[in-house]
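1. Here is my input; please provide its structure:
(chains A and B)
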Amino acid sequence: MDVTIEKILDIVRKTDSQIDDSILTPNAVLTKIGADSLDMMNIFVELDSVLGYVVPDEDIDNLLSVQDIYEYAINKKN
Amino acid sequence: MKINIEKIEKFIPKDFVLASDLAESIGVDKSFPGNRLGTKILPRISQDQETSDLCVAAINRLFSSGAIAPEDVECLVVCTQNPDGHGLPHTSAIVQNKVGLSNSCACFDISLGCSGYVYGLSVIKGFMETAGYKRGILVTADPYSKIIDNNDKNTALLFGDASTATLMSENGCWDIVGSQFATDGSGAKELCYKDRLYMNGRQVFNFAQLSIPAQVLSVCKKFKIETSEIDRFIFHQASKHMVDTLTKRLDLDPIKVPFDIQNTGNTVSSSIPIILQGVLSNKKIRNILISGFGVGLSYATSILKKV
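-> Numbering: from 1, shown residues only, chains lettered A, B, ... in the order given. Model (predicted):
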């Protein structure tokens, strides 16, 4: 499945996280707009299903925003 | 002869720590344990209590209920990964002596974590049916307080000590009609003992969220029961976040998915029988699915049916 910014935004919105939807943008740092560590787990478990692989723990700390996640997924694909 | 679940008793130690106090002491928001994990009170065994004492307390509740007398227990299975001493001798032998069971009582331990109760039920049922035993007890007791670092944010706010005793007999009215068991040993390092309890919360969460929904649907299909026919889905009570997410991923009615660890914390292999005890007394309930997952990474799902 092709990963798009909109697809990742949808994942974030659908995970019942504590993120304030009204300020969710591709560049927003997710933990600064309401996500806690457990929300991030939900986002990545959904993302892993879409990507078809588990994002390694060592990469996660650098993936702070939807844009970061998108660029990571594209680089992995290439 | 068929062996079924007859009765469950539980024991929760009186000593405890408040999860909110513990959270504050390690720099976590006070509301986090209650709101996100579902924990408020975390019971703790006292300094002079051993794992075998937890087992004895739960078994004695079966005796005092009148369900069974010590001399009638033909087998005792203890599920723990935090046994007395170093596990040699096996804790069930120590318990056998402490509660005064007959020397003809078969005793052995099972080393499993949060999948232990689901595995244990099938193990004791098969063992008893093979040996022709009419009454046996499955005990769960895994006091993680023995191995938790109270400064570890990943584990300290989650686990509580407790024990349960399940009477298995030919008089029981809850049959185990189908099960599936599985292991992903590649993830063993994510939840293990490294001088203290170590847990990679994200990897354990991923494992559960990807493996358990698939196993639940698979066991239902294999044993020809629709999920809509299941009255209660009792998942290992890992945390509120874990069970809420499983409920959502399986698209289950939350009313059918009991969750309560407020006064116990995550009690490892005792979490399912603690919830199951209350559910079994509901006369309207006929079909129950139980699913445990954790250390190993091990997972198991069974369907229980009222006979």
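
2. Which parts of the stretch 1-150 of chain B are strands?
-> For the stretch 1-150 of chain B, the strands defined by DSSP state E, counting those that start in this stretch cover B:4-11, B:16-18, B:41-43, B:75-79, B:106-110, B:135-141.

3. Up against chain A, what does chain B have?
-> Chain B has residues B:32, B:36, B:200-203, B:205-206, B:209-210, B:241, B:244-245, B:248 near chain A, with proximity defined as Cβ under 8 Å from any Cβ of the partner chain. For the C-beta atoms, the positions are set from N, CA and C on the backbone; glycine is no exception.

4. Let's have the strands of the stretch 1-150 of chain B in CSV, adding mean pLDDT, mean neighbour count and distance to B:Ala93.
-> Output for the strands of the stretch 1-150 of chain B, formatted as CSV (pLDDT from 0 to 100; neighbours: other Cβ atoms under 10 Å in any protein chain shown; distance: least, Cβ to Cβ, whole Å):
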stretch, mean pLDDT, mean neighbour count, distance to B:Ala93
strand B:4-11, 98, 22, 20
strand B:16-18, 96, 17, 29
strand B:41-43, 97, 22, 25
strand B:75-79, 98, 27, 9
strand B:106-110, 98, 19, 5
strand B:135-141, 98, 28, 13
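
5. so can I have CSV of those strands showing distance to B:Phe63?
-> Listed next are these as CSV, based on distance: least, Cβ to Cβ, whole Å:
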stretch, distance to B:Phe63
strand B:4-11, 9
strand B:16-18, 25
strand B:41-43, 22
strand B:75-79, 13
strand B:106-110, 17
strand B:135-141, 10
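
6. Of these, give the one that comes closest to A:Ala73.
-> strand B:41-43 (39.1 Å; Cβ to Cβ).

7. Now go through the residues of chain B next to chain A and say which are in helices.
-> The members of the residues of chain B next to chain A that map onto helices under DSSP state H are B:Phe32, B:Gly201, B:Arg202, B:Gln203, B:Phe205, B:Asn206, B:Gln209, B:Leu210, B:His241, B:Asp244, B:Thr245, B:Lys248.

8. Grab the nearest non-local neighbour of the fourth one.
-> For B:Gln203, ignoring the flanking residues on the chain, the nearest one in space by Cβ to Cβ, 6 or more residues apart in numbering or on different chains is B:Glu190 at 4.1 Å.

9. before we move on, what about the fifth one?
-> Counting by Cβ to Cβ, 6+ apart, B:Phe205 lies nearest to A:Met41, which is 4.8 Å off, once chain neighbours are set aside.

10. now swap in the third one and tell me
-> Closest residue to B:Arg202 apart from its sequence neighbours, by Cβ to Cβ, 6+ apart: A:Met41 at 5.2 Å.

11. quick one: contacts for that neighbour?
-> Listed by Cβ atoms under 8 Å, 6 or more residues apart in numbering or on different chains, the contact partners of A:Met41 are B:Gly201, B:Arg202, B:Phe205, B:Asn206, B:His241.

12. Sort out which one of these lies nearest A:Leu51 for me.
-> Comparing the contacts of A:Met41 against A:Leu51 with Cβ to Cβ places B:Asn206 closest, at 12.2 Å.

13. Let's verify the residue nearest to that closest one when sequence neighbours are not counted: helix, strand, or coil?
-> By the measure of Cβ to Cβ, 6+ apart, the closest residue to B:Asn206 outside its immediate chain neighbours is A:Val45, 5.3 Å from it. The three-state label given to A:Val45 by DSSP: H, G, I helix; E, B strand; the rest coil is helix.

14. Go ahead and confirm A:Val45 touches B:Ala208.
-> No: using Cβ atoms under 8 Å as the test, A:Val45 is too far from B:Ala208 to be in contact (9.2 Å).

15. out of the two, which sits in the more crowded spot?
-> Comparing A:Val45 with B:Ala208 by other Cβ atoms under 10 Å in any protein chain shown, the one with more neighbours is B:Ala208, at 25 against 22.

16. ok, now which ones touch the more buried one?
-> By Cβ under 8 Å, 6+ apart, the contact set of B:Ala208 is B:Ala238, B:Met242, B:Leu246, B:Phe293, B:Tyr299.

17. Report how many residues lie close to B:Ser122.
-> 14.

18. State the distance from B:Gln81 to A:Thr31.
-> With distances taken as Cβ to Cβ, to the nearest Å, B:Gln81 is found 34 Å from A:Thr31.

19. and if you look at A:Lys14?
-> Applying Cβ to Cβ, the value for A:Lys14 to A:Thr31 is 18 Å.

20. Nearest to B:Asn282, out of the strands of the stretch 1-150 of chain B?
-> Distance to B:Asn282, taken as Cβ to Cβ, is lowest for strand B:4-11 among the strands of the stretch 1-150 of chain B, at 13.3 Å.

21. quick one: strands adjacent to the helix or strand containing B:Ile234?
-> Per DSSP states H and E: B:Ile234 is located in strand B:232-235. If you go by DSSP bridges, strand B:232-235 pairs up with strand B:287-294 (parallel).

22. Only alpha carbons, please: show the partner strand as PDB.
-> The C-alpha coordinates for strand B:287-294 follow below in PDB (Å, rounded to 0.1, in the frame of the first residue of the first chain):
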ATOM      1  CA  ASN B 287     -19.800 -18.800  26.300                       C
ATOM      2  CA  ILE B 288     -16.600 -17.200  27.500                       C
ATOM      3  CA  LEU B 289     -13.400 -16.600  25.600                       C
ATOM      4  CA  ILE B 290     -10.200 -16.200  27.600                       C
ATOM      5  CA  SER B 291      -6.900 -15.000  26.100                       C
ATOM      6  CA  GLY B 292      -3.600 -14.600  27.800                       C
ATOM      7  CA  PHE B 293      -0.300 -13.200  26.400                       C
ATOM      8  CA  GLY B 294       3.100 -12.100  27.600                       C
END
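
23. what is the orientation angle of that strand with strand B:4-11?
-> Between strand B:287-294 and strand B:4-11, the angle comes out at 50 degrees (axes from the mean of the first three to the mean of the last three Cα atoms, to 10 degrees).
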